[in-house]
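>>> prediction below, plus the sequence it came from.
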Amino acid sequence: MFITFEGGEGSGKTTIIESLYQDLLKMGYKVLKTREPGGSRISEAIRKIILNVRNSEMDAWTEALLYAASRRQHLIEVIKPALEAGKVVLCDRYLDSSLAYQGVGRGLGIDEVLKINQYATEGILPDLTFYIDLKPEIGLSRIKRSERIPDRLDLEKEAFHDTVREGYLKLAGLFPERIKVIDGNRSVEEIAADIMAFIIKDLRRMR
Ligand code: TYD
């Protein structure tokens, strides 16, 4: 089972995924927790180019193509082997990030960005996607309070992140079976419990 997590900056995704990972392991599932670029050396190198704050002249299509290339390498090296080994894969960001950030945020169009990602993903879509929804205003203020050094996308204006959020909500409307919108303005425990209920239901159904 392939599960992805999406959300804006400071949505708490990483902490929530870690909590779900630990719970699924305790329940006896074989689980892989990964994030793009997920330890793939090549994907990592590509991401460094994308996120480098010095690359401010990067064209939006270059950005979208590089994300797709990085995604493919991670899919081939990490995700596919794990799915073939029967693992539950929890992945922090996947295709929908490109649809929301590049397709809607950068205005390239959801269909167009989907098209280039079809080459990258061979049409491999998650079974379930959780979009942790939070007002960018709240998420960005959480980041400012943390130690994290902002990358090129963090540095975009709040209006960009508002557009990305609209993009995610639009995607959830387009793919209601796959994408679940989760209220991110709650404690990690509440959010994780909410998501776990969906996952368990699906795991039982697939057995
Ligand atoms: P990431 O390293 O996953 O950081 P975080 O989830 O902690 O914000 O992503 C870095 C940035 O790249 C983030 O602002 C989202 C953006 N992004 C895209 O614009 N398109 C994509 O396809 C992906 C995967 C990420």
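Cool, the structure landed. Numbers count the residues shown, from 1 in each chain.

>>> measure I49 to V78 for me?
20 Å (CB to CB, to the nearest Å). To be clear about C-beta, it is placed using only N, CA and C from the backbone, and glycine gets the same treatment.

>>> ok, the nearest residue to V53 once chain neighbours are set aside - contacts?
Nearest residue to V53 in three dimensions, chain neighbours excluded: R152, at 5.0 Å (CB to CB, 6 or more residues apart in numbering). Applying CB atoms under 8 Å, 6 or more residues apart in numbering to R152 gives the contacts I50, L51, N52, V53, N55, S56, M58.

>>> which one of those is nearest the ligand?
Each of the contacts of R152 was checked against the ligand using CB to the nearest ligand atom; the closest is L51, at 5.9 Å.

>>> number of nearby residues for the closest one?
15 (other CB atoms under 10 Å).

>>> need the per-residue pLDDT for it.
What the model reports for L51 is a pLDDT of 94.

>>> kindly report the same for R54.
Listed pLDDT for R54 reads 96.

>>> what helix or strand is it on?
R54 belongs to no helix or strand when assigned by DSSP states H and E.

>>> related to what we said a few turns ago, between I49 and V78, which has more neighbouring residues?
Set I49 next to V78 and count neighbours by other CB under 10 Å: V78 wins out with 21 against 14.

>>> ok now do the nearest residue to that one once chain neighbours are set aside, which residues does it touch?
Excluding its sequence neighbours, the residue lying closest to V78 (CB to CB, 6+ apart) is G38, at 4.8 Å. Residues in contact with G38, defined by CB under 8 Å, 6+ apart, are H74, E77, V78, I79, C91.

>>> how about V88?
M1, I3, L24, Y29, K30, V31, L32, I199, L203.

>>> for A85, same thing?
Shown in contact with A85 (CB under 8 Å, 6+ apart): K30.

>>> what's the answer for the one 4 residues further on, then?
Residues touching V89, when contacts are defined by CB under 8 Å, 6+ apart, comprise M1, F2, I3, V31, L32, T34, I79, A82, L83.

>>> give me the neighbour count for T163.
18.

>>> need the pLDDT of it.
What the model reports for T163 is a pLDDT of 96.

>>> helix or strand: which one has it?
helix 158-174.

>>> now V89
Per DSSP H and E: strand 88-92 holds V89.

>>> run through who's touching the next helix or strand after that strand.
Next in sequence after strand 88-92, counting helices and strands by DSSP H and E, comes helix 95-98. The contact list for helix 95-98, computed with CB under 8 Å, 6+ apart, reads 4, 6, 36, 64, 67-68, 71, 113-114, 117, 121, 125-126, 129, 131, 168, 171, 179.

>>> strands - which of the residues you listed land there?
The strands, defined by DSSP state E, take in T4, E6, T129, Y131, I179 from these.

>>> ok, now which ones touch the last one?
Read that as I179. Counting by CB under 8 Å, 6+ apart, I179 touches E6, D96, T129, F130, Y131, L171, A172.

>>> thanks again, I'm all set now.
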